[in-house]
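Colleague: My questions concern the predicted model and sequence given below.
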Amino acid sequence: MNRVRDIVSQDLKLFGDIVVRLQRMDPGADLRQSILPDLLRLLRADFVASYVWRSESANFQHGVSLNMDPQNLKRYDDWFQFRDPMTAQLRQRRRASFVEEVLSRRDMIRTEFYNDFLARDGLHHGINMYVFDGDRDLGDFRIWRAAGRPDFESREIDLLTGLEPFLRGAMLRGMHRYEDLTARESDVASLVARGCTDRDISRLLNIGFATVRTHINNAMRKRCCANRAELAALVAREKPIS
């Protein structure tokens, strides 16, 4: 009951506004830039950063943030993400979690990561959420309050958990922003958008029929398309057919 009382009518309105914006967001837009300010308001937080994990390079990329020093974040990109004592464990949880669920504050404030990175921007109380679609990592939200502010509570976990399916859907639609097609995949996708059959593409590009299917499947996966019609429509929007 206390948890319900903690979420007031203004919170529910803001929650609803965020959901509507996520559902209406264009697939080419970066949803994080749009919702981070309201996410901070909803969670009564001070700082937020968001990254996308790239398995091929084994690091976090495409960072966006609010109220954090860009130079300090560059140090994270170059150095501290490889010496981060908690993110890998939080990511494995695949749900909204308090940082202290994997690393106590007493232990955290003894680390280089806290003293030389987090504390420089004033980050002290943390809550993270890593959004997945099956085994596919779509991105994360790392939310912090400053020292002297109250700890995060179950209210914030509940709100993030409620937003997760809407975030997942919008992030899936926008995943193609971070995953480039190869030159051959792009060639094949362009021919699909022109209405060519697989056999047409095979003949025009002088590649095997099975190879055409592989390139189409890869392009659909990277562009989050359920079928070739969706792929053709998306390619036509991205690069109008002359």
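Modeller: Done, it's in.
Colleague: all helices for this protein, in order.
Modeller: Using DSSP state H, the helices of the chain run over 2-6, 9-24, 31-43, 70-78, 87-93, 105-108, 112-113, 119-121, 154-174, 183-193, 198-205, 209-222, 228-238.
Colleague: Residue most distant from the centroid, the protein?
Modeller: In terms of distance from the mean C-alpha position of the chain, Arg203 ranks first, at 38.9 Å (Cα atoms, centre = their mean).
Colleague: Quick check: the spatially most central residue of the chain vs Leu31, distance?
Modeller: Compute the mean C-alpha point of the chain, and by Cα atoms, centre = their mean the closest residue is Gly139, 2.4 Å away. Shown here: Gly139 relative to Leu31, a distance of 9 Å by Cβ to Cβ, to the nearest Å. Every residue, glycine included, has its C-beta placed from N, CA and C.
Colleague: Identify the contacts common to these two.
Modeller: Met171 (Cβ atoms under 8 Å, 6 or more residues apart in numbering).
Colleague: thinking again about what came up before, for Ala147, find the nearest of the helices of the chain.
Modeller: Using Cβ to Cβ as the measure, helix 119-121 is the one of the helices of the chain that comes nearest Ala147, at 8.3 Å.
Colleague: Let me see the mean pLDDT of that closest one.
Modeller: Taken as a whole, helix 119-121 has an average pLDDT of 96.
Colleague: What residues sit buried inside it?
Modeller: The neighbour-count criterion (16 or more other Cβ atoms under 10 Å) identifies Asp121 as the buried residues of helix 119-121.
Colleague: Not counting its own residues, what contacts it?
Modeller: By Cβ under 8 Å, 6+ apart, the residues outside helix 119-121 that reach it are Phe47, Asn67, Met68, Asp69, Asn72, Ile109.
Colleague: Surely the fifth one and Leu118 touch.
Modeller: So that's Asn72. No - between Asn72 and Leu118 no contact is recorded; they are 9.2 Å apart, counting by Cβ atoms under 8 Å.
Colleague: between those two, who's got more neighbours?
Modeller: Leu118 (22 against 16; other Cβ atoms under 10 Å).
Colleague: Quick check: can you list the domain ranges of the chain?
Modeller: By the assignment in automatic domain parsing, the chain contains the domains 2-175, 183-238.
Colleague: Check those domains for me: which has the lowest mean pLDDT.
Modeller: Among those, domain 183-238 has the lowest mean pLDDT, at a mean of 88.
Colleague: number of nearby residues for Asp11?
Modeller: Residues within reach of Asp11, counting by other Cβ under 10 Å, total 16.
Colleague: could you measure it against Arg105, distance?
Modeller: Relative to Arg105, Asp11 is positioned 26 Å away (criterion: Cβ to Cβ).
Colleague: can you list the helices of the chain in a markdown table and add distance to Ala58?
Modeller: Listed next are these as a markdown table, based on distance: least, Cβ to Cβ, whole Å:
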| stretch | distance to Ala58 |
| --- | --- |
| helix 2-6 | 38 |
| helix 9-24 | 29 |
| helix 31-43 | 22 |
| helix 70-78 | 13 |
| helix 87-93 | 11 |
| helix 105-108 | 24 |
| helix 112-113 | 18 |
| helix 119-121 | 25 |
| helix 154-174 | 20 |
| helix 183-193 | 23 |
| helix 198-205 | 33 |
| helix 209-222 | 19 |
| helix 228-238 | 28 |
